[in-house]
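Participant: Give the three-dimensional model of this entry:
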Amino acid sequence: MSSASRSVFEALTQRLAPALAARCAPRDVDLFLIRLERYFEDLYLPLVQLYGEAADWHHQFEALFAQMVDAYAARPEPLRLLDLERQCTPDWFGQPNMVGYVCYSDLFAGTLTGVRERVSYLQELGVTYLHLMPVLKARPGASDGGYAVMDYRAVNPALGNMADLQALASELHKSGISLCIDLVINHTAKEHEWAQGAIAGEEKYLNYYYTFPDRTLPDAYEHTLPEVFPDFAPGNFSWYPAIAESGRWVWTTFNEFQWDLNYTNPTVFREMLDIMFFLANQGVDILRLDAVPFIWKRMGTNCQNEPEVYLLIQAFRGLMRVVAPAVIFKAEAITPPKYLLPYLGVKNTVGKECELAYNNQLMVLLWSTLATRKVTLMTHVLHDMPRVLLGSTWITYIRNHDDIGWAITDEDAAAVGENGFLHRQFLIDFYNNTFPGSFAKGALFQYNPVTRDARISGTTASLAGLEAAVAKQDDYEIDLAVRRILLLHSIIMVYGGIPLIYMGDELGLFNDRSYLSDSTNAEDNRWMHRPPMDWTKAKSRHDSTNIVGRIYKGLLNLLAARKYEPALHYLGLIQPMWTDNDHVFALLRRNPKGRLLLLANFHESEQSVTADLLQYSDLGGNVRNLLAEGSLLTLADGRIHLAPYESMWLAGDK
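Facilitator: All right, here's what the predicted structure looks like:
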């Protein structure tokens, strides 16, 4: 700690100590002060950069630490013990047994109480990380799927109340499952009390948002701003004639009912920090920071991933590590690697930002490779993927509740002899089922007729060909589709980090078109890949003679192989390898405790690769396939043969 920081720290602790001593046991006072000293510069330096020039900076800083004391004193004893446990095992979220499951509470089990009643199902599947999508109280009617929050301290009444969330978190902890929920930090619903204060003309709350009396500044910003939802929410600003009687334009990146918060105002930072502390004290383990790339605006840019975004997260992270170090952050940043990696910390700031981030690049490459049957683009791009730093790891996934955008650059495509524009057009046509021979049943989302760009909606089973195969009653095509589904899951379970299973993918659920009859959702076809859980189908999950049972048993086999494999600890090296077959992908995972070689055949016919890969991987003797009950690998003609869409996890004695 620098001498300047030390001086501020010591002055602060002199004022804090009496308030802490009055409200906490001596042990807890000592722990707080030890953590504060350890992480002081992590939180203080970014705050000075962000707000040090503000006229009320010293008042804001004092108020912020009063918030910390309040939140710490209110933290329940079981959660304080969890704080200690996780500080002793800082890699708790990177263990091979970490497996995620993501769902909407209402679609999975109706209510939060219903989710509690289904915890045994999650345990059977091997889940240790549960992401419940929006549980906080959203605006009535259209709410962007619940991401327009009107009260951060209340649960959606249809799901229950805050006591139900606390009870669920407690039950999950007893079952070895961590709870992740969404925290929308870029915007609030226009019905939020802050926005209502702004509409009433209160200066304090007008400063919580970006509002403008005319189009001069909005028009200047629009020159470089993209549109997130051009079909049904064009532009980035909305006119509200009722604001302060004379009317104002409001920055609304997503929908007109979602008002962007103004983080240049330190009071907004403190308000959001208070919400984070509140949710942490309900038992939440992971806060998914929704729309985090958008939280700082700068003229002449796309207003995403600005340097101040990373400073804000670093400050939030440092403050949370003092009050509730058991809680970690997940960045919802669907962005190119050069912008994504800083969310996981950069050189000299190891572990000072988010612990988790989505590996969107891997997800896109998986679907691209499945369509082309060629692994060259995926191998090339993953070779150039920077390593995440100590204290952070990936969330790997096949799909989530949103659409799939084809984030493949022209440069990456050209490096393997492809035309980027044509490749993206191929993927759009393939997954929209307009390309001859496509097995996919997806739908275009946000098609732009000028650029011909589009994203794709669809469930894993429908995009992987199962829906079309079942409709044709073609047993051969059904078998291939099941193999594709398991192949994709196999790769996300080996790649590194926490693999996520989207609700229903373990049963092979198809697109659900009932959303078209719901006026609230009818214009948003992403609801087609958000089907309700089919508990009738789930009852047949143990019958391996049917489609559901084959998928479910296949996933359990993958999870059982992953659970105790030391090479899959998050600290292991991730090394894509070139093979002598463009249809077979190879990935080596290694760390001091073990090595594992993944081979994945992306073709519907048998393929082979040279057995020299075993030597290059330095697996040692007696190479076994962990996905075949650890049986010894047999070679033919010096080659490793893989069945259609087969994956192997190969490990040796070394």
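
Participant: Could you use CA atoms for every contact and neighbour count after this?
Facilitator: OK.

Participant: What is the burial count for Glu53?
Facilitator: For Glu53, the neighbour count with other CA atoms under 10 Å is 10.

Participant: Give me the phi and psi angles of it.
Facilitator: phi -90, psi -10 (degrees, to the nearest 10).

Participant: who's in contact with stretch 627-636?
Facilitator: The contact list for stretch 627-636 (CA atoms under 8 Å, 6 or more residues apart in numbering) reads Asn557, Leu558, Ala561, Ala611, Asn622, Val623, Arg624, Asn625, Ile640, His641, Met648, Trp649.

Participant: which stretches of the stretch 101-250 of the chain have low pLDDT?
Facilitator: Applying pLDDT under 70 to the stretch 101-250 of the chain picks out residues 232-233.

Participant: Tell me which stretches of it form helices.
Facilitator: In the stretch 101-250 of the chain, the segments counted as helices under DSSP state H, counting those that start in this stretch are 105-109, 112-117, 119-125, 162-174, 193-199, 203-206, 216-222.

Participant: Make CSV out of the ones you listed and add distance to Gln615.
Facilitator: Shown next, in CSV, are those (distance: least, CA to CA, whole Å):
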stretch, distance to Gln615
helix 105-109, 46
helix 112-117, 48
helix 119-125, 35
helix 162-174, 43
helix 193-199, 62
helix 203-206, 65
helix 216-222, 55
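
Participant: Tabulate those helices (TSV), appending distance to Val155 and mean neighbour count.
Facilitator: Shown next, in TSV, are the helices of the stretch 101-250 of the chain (distance: least, CA to CA, whole Å; neighbours: other CA atoms under 10 Å):
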stretch	distance to Val155	mean neighbour count
helix 105-109	11	19
helix 112-117	10	19
helix 119-125	20	15
helix 162-174	6	18
helix 193-199	16	20
helix 203-206	23	16
helix 216-222	34	15
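
Participant: wait, which of those is closest to Trp57?
Facilitator: Minimum separation from Trp57 across the helices of the stretch 101-250 of the chain (CA to CA) falls at helix 203-206, 16.2 Å.

Participant: which strands and helices sit next to the closest one?
Facilitator: Packing partners of helix 203-206 (3 or more CA pairs under 8 Å, 6 or more residues apart in numbering; DSSP states H and E): helix 193-199.

Participant: Which strands and helices lie in contact with the helix it packs on?
Facilitator: Counting contacts by 3+ CA pairs under 8 Å, 6+ apart, helix 193-199 packs against helix 203-206.

Participant: Give me the contacts around the helix it packs on.
Facilitator: Here helix 203-206 makes contact (CA under 8 Å, 6+ apart) with Trp194, Ala195, Gly197, Ala198, Ile199.

Participant: can you pull out the strands in the stretch 301-450 of the chain?
Facilitator: Per DSSP state E, counting those that start in this stretch, the stretch 301-450 of the chain carries strands over the ranges 328-331, 356-358, 393-397, 443-448.

Participant: ok, the first one: who's next to it in the sheet?
Facilitator: When you say that, I think you mean strand 328-331. Strands that pair with strand 328-331, judged by DSSP bridges, come out as strand 286-290 (parallel), strand 356-358 (parallel).

Participant: Repeat that for the last one.
Facilitator: If you go by DSSP bridges, strand 443-448 pairs up with strand 453-457 (antiparallel).

Participant: Where does the prediction get shaky in this structure?
Facilitator: Scanning the chain with the threshold set as pLDDT under 70 gives 232-233, 346-351, 654.

Participant: Which residues are in contact with the spatially closest residue to Asp453 that is not a sequence neighbour?
Facilitator: Once flanking residues are discounted, Asp453 sits nearest to Tyr447: 5.9 Å by CA to CA, 6 or more residues apart in numbering. By CA under 8 Å, 6+ apart, the contact set of Tyr447 is Asp231, Asp453, Ala454, Arg455.

Participant: Would you mark the buried spots in whatever helix or strand Glu85 lives in?
Facilitator: For Glu85, the host element (DSSP states H and E) is helix 77-88. By 16 or more other CA atoms under 10 Å, the buried positions in helix 77-88 come out as Leu79, Arg80, Leu82, Asp83.

Participant: and the angle for it with helix 162-174?
Facilitator: With axes from the mean of the first three to the mean of the last three CA atoms, to 10 degrees applied, the angle from helix 77-88 to helix 162-174 works out at 40 degrees.
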